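**Q** Can you look at this prediction? I've put the sequence above it.
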Amino acid sequence: PVPPAPINPQLALKRIDQLTRAADFDGAISEAQKLLKAKPALAQARMALSRAYESAGLFDDAIAQLEQLVTSLTNPAQAQLPRRALGDLLVRTGAADRAIQVFDAGLKATPGSEPLLAGKASALIALGRLDDARALLEPLFASGKPHPELAALRARLRQRTGQAREGADELRAYMDSAPSLTPMIRRILLARLGELLDKAQDYDAAFDAFEQAAALGPRGFNPDAHDAQTDAMIQTWTAAALAQAESAPQRDERPVFVVGMPRSGTSLVERIIAAHPEAAAGGETNILPEAWRAVVAKLPKARAVPDPARIDLKAIAPAASKARARFDQVSETAQRIVDKNPLNALRLGLVQPLLPGARVVHCLRDPRDTCLSNYFQQFESGLAYASDLTHLGRFYASYRRLMDHWADALDLPIHEIHLERLVENPEAEIRALIDFLGLEWNDACLHPERADVTTWTASRDQVAASINASGIGRWKNYEPRLKPLLDALGPFAG
C-alpha cells in the first residue's frame, strides 16, 4: 500500500483555523486530532485542538488539552503562552480562582512575565478583587514600558472603579505614545476608550472612538446578497414545503432555542431559565449549525437555497440523534436545556424536523439600542455586518423579516420576550416565560444574577448584575450620529 502523504503542520493549522471560523467544529477537531497524532510534540497542534474543543463548547476537553501541554513543557519560557491560554479559558468558564493558581505557578517559574501578569490581573478583575488588580498593574506602568494589553486592563479597572475620565485620558496618552500598534490592538483600545468616554458622558468623543474602532473591524458583509438570501429562504422554506419534510421520529421537549440579535437580551434570558432547578444552560452551541451542514447543505436547491421539502429520514434521523446527544452532554436530568446561539434565528426552519417538541424564545429589544450595542461591541467572532451602520441596519431588518416568516411558517411554539417589558415588569414577564416552557413556577427565576451559569459572551459583565434599565434608551445619547443606521432600519427605526 502507498503510505499516506506526510502532514504539513502549517497547512494543517491553517485548515483547522478555517474550519473553526466556518463553525465546522467537528471538522476542526478531527483535523487537529490527526495533526496531533502525526506530530505529538508540536505544541501548536495541541493548542489548535484546545481551541477547536472550546469553539464547540466542549470546555472540559479544551482545558484538559492545555493542562496536558503545560505539564509537558519543561522550558518555562515556552510554557508561557499555553499557560496564559489555560488561565484565560478558566476565567471565561467561571473558574477565575483556578486561573490565578495557574498564573501564579507560571510567574514563579518566569517572574515578571507581562502576559502572565496581564492574565492574572484579568482574573482578579473577574473576581471583583479590584484593589489586588490595581496593585499588580500600577508597578508595571511605573516602569514606563506598559504592554498594550496592560493599558486595556488598566482602562477596564478605571471603568469598574468610577474613574472613567481618568482612564480615558490615560488610554489616549498611551495610544499617542505607541503609534506602531497593530490594527487589531488599536481597534481593541479604541473600543475600550469609547466605553470609558461613554461612562464619562462625553458621547460625541465616545462615538468618534467607536467609529474609528469600527473602521478597523472586519469587512466582507454584502447587504444586497444577504437580502437576496433572506428573500429566497422566505420564498422556499414555506409551511407547505416544511410539511413535506420528513421529521426525526423521536420527540424531545428539552431543547429551548433562545434566538434574536446579539445584544438583545439572550444571555439574560438564558440565565433566567437556567435559574430554574429543572433547567440548564448550554450556552452558544453549534448544534444547529452542525445539523444544517449535515442535512440542509446537501439538499437540492430551489431559488438558490436548499429545498426543505427534500429532507428525508435517512439524513434527519442521525443528525437528530447527534443533536440529542449534545443536549445530554449539557445535562442528563434537566427538563429544559437552553441553546443560546442568537443567530440560530437564521436557520430556525431546521428545528421543526430536527427536534420535534423543541421550543423557541425570541428576544427583542429596541432596534436602535440593539444595533448601537452591536456597533460598539468588538465581537470576538468578528461579525462583519456590525462594522458599518448601514450594513447593521439592513442586517437587522432582514433578520426581523425572516423571524416574522418563521412565526407564520413553522409549527413550533415561539414566545417573544421584550427586554424593555422585562425590565419594567420582571415578575409578570418571567412568569409568562416559565409558563411557556411548561415548568412549575420557582422564585429563583427572579434572580438570574444568582444562577450558576458561565457567560463568556460580550454580555458577561451585564448579566452579573440584577435586571436593570441601564442600557434602555442609550441610543438617544448618539441620535445625531445615527442617521445611516436609522435610514437602513426603515420601519424598525420608529
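**A** That came through fine. Numbering: from 1, shown residues only.
**Q** now the helices for the stretch 51-200 of the chain?
**A** Ranges of helices within the stretch 51-200 of the chain are 59-72, 76-92, 96-109, 114-126, 130-142, 148-160, 164-176, 183-199, based on DSSP state H, counting those that start in this stretch.
**Q** Reformat those helices as JSON lines; add mean neighbour count.
**A** Every residue, glycine included, has its C-beta placed from N, CA and C. Formatted as JSON lines, the helices of the stretch 51-200 of the chain follow (neighbours: other CB atoms under 10 Å):
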{"stretch": "helix 59-72", "mean neighbour count": "18"}
{"stretch": "helix 76-92", "mean neighbour count": "21"}
{"stretch": "helix 96-109", "mean neighbour count": "18"}
{"stretch": "helix 114-126", "mean neighbour count": "23"}
{"stretch": "helix 130-142", "mean neighbour count": "15"}
{"stretch": "helix 148-160", "mean neighbour count": "21"}
{"stretch": "helix 164-176", "mean neighbour count": "18"}
{"stretch": "helix 183-199", "mean neighbour count": "21"}
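**Q** right, and those - which one's nearest residue 314?
**A** With CB to CB as the criterion, residue 314 lies closest to helix 59-72 of these, at 30.0 Å.
**Q** looking at the helices of the stretch 51-200 of the chain, which is closest to residue 210?
**A** Here helix 183-199 is closest among the helices of the stretch 51-200 of the chain (CB to CB), at 4.0 Å.
**Q** still on that earlier bit, got the helices of the stretch 51-200 of the chain as JSON lines, with distance to residue 34 and mean pLDDT columns?
**A** Shown next, in JSON lines, are the helices of the stretch 51-200 of the chain (distance: least, CB to CB, whole Å; pLDDT from 0 to 100):
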{"stretch": "helix 59-72", "distance to residue 34": "15", "mean pLDDT": "93"}
{"stretch": "helix 76-92", "distance to residue 34": "20", "mean pLDDT": "93"}
{"stretch": "helix 96-109", "distance to residue 34": "28", "mean pLDDT": "95"}
{"stretch": "helix 114-126", "distance to residue 34": "29", "mean pLDDT": "91"}
{"stretch": "helix 130-142", "distance to residue 34": "41", "mean pLDDT": "86"}
{"stretch": "helix 148-160", "distance to residue 34": "33", "mean pLDDT": "87"}
{"stretch": "helix 164-176", "distance to residue 34": "43", "mean pLDDT": "94"}
{"stretch": "helix 183-199", "distance to residue 34": "29", "mean pLDDT": "94"}
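**Q** Show me the one of these that comes nearest residue 289.
**A** Set against residue 289 and scored by CB to CB, the helices of the stretch 51-200 of the chain come closest in helix 59-72, at 17.9 Å.
**Q** residues in contact with the closest residue to residue 310 other than its chain neighbours?
**A** Distance criterion CB to CB, 6 or more residues apart in numbering; nearest residue to residue 310, sequence neighbours excluded, is residue 299 at 4.9 Å. The contact partners of residue 299, by CB atoms under 8 Å, 6 or more residues apart in numbering, come to 306, 307, 308, 310, 311.
**Q** how much space between residue 299 and residue 353?
**A** Residue 299 sits 12 Å away from residue 353, going by CB to CB, to the nearest Å.
**Q** residues shared between the contacts of the two?
**A** The contact lists of residue 299 and residue 353 share 308, 311, where a contact means CB under 8 Å, 6+ apart.
**Q** Mind pulling the model confidence for the residue nearest to residue 310?
**A** In this prediction, residue 299 carries a pLDDT score of 89.
**Q** now swap in residue 179 and tell me
**A** 84.
**Q** so how far is residue 283 from it?
**A** Residue 179 is 39 Å from residue 283, by CB to CB.
**Q** same question, residue 401
**A** Residue 401 is 27 Å from residue 283, by CB to CB.
**Q** okay, these two: which has more neighbours?
**A** Set side by side, residue 401 and residue 283 show more neighbours around residue 283, with 20 against 15, by other CB atoms under 10 Å.
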